[in-house]
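S.K.: Give the three-dimensional model of this entry:
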Amino acid sequence: MNIRRIVTVGALAQLTRQVVNGRRRALLERSRRRRAAGALGVLAGAGLAWWFLSRGEEVPAWKRKKERRETRRAAARQRNQAAGPPPEVHVATNDDTALRVPVGERKH
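M.R.: The predicted structure follows:
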């Protein structure tokens, strides 16, 4: 056999090996990429689900504001009810004005 023919056959064998291995490598690479993309998709979905579910306990701002306003109004109503008019008092003639006695308790 001629050396030229041996080199040609060896080169063809090497080229076919590279093509076959290249296809196999490309398939493996593609499946690895798909698996990685799937895993990232699952992680992103889980993160979004966790985020949305954790926000479910939050009360909207307008509702919190309304509750604060109602609480303030109730406290103001309570203060106004407790104040009431001052009791009637009797001051004896020529007595010190600090010695006031409620009308029901005065002595005759």
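S.K.: any weak-confidence spans in the protein?
M.R.: Counting by pLDDT under 70, the chain shows low-confidence ranges at 1, 82-108.
S.K.: can you map out the strands along it?
M.R.: With DSSP state E, the ranges of strands along the chain come out as 89-90, 101-102.
S.K.: any idea how far residue 62 lies from residue 68?
M.R.: Distance, residue 62 to residue 68, using Cβ to Cβ, to the nearest Å: 11 Å. C-betas here are computed from N, CA, C, even on glycine.
S.K.: oh, I was asking about residue 50
M.R.: Remark: distance between residue 50 and residue 68 (Cβ to Cβ) = 30 Å.
S.K.: Residue 6 now?
M.R.: Between residue 6 and residue 68 the distance is 92 Å, computed by Cβ to Cβ.
S.K.: Could I get the phi/psi values of residue 57?
M.R.: Listed backbone geometry of residue 57 is phi -80, psi -20, with angles given as degrees, to the nearest 10.
S.K.: Any idea which residue is closest to the centre of the chain?
M.R.: Nearest to the mean C-alpha position of the chain, by Cα atoms, centre = their mean, lies residue 55 at 4.1 Å.
S.K.: I appreciate the help and will end here.
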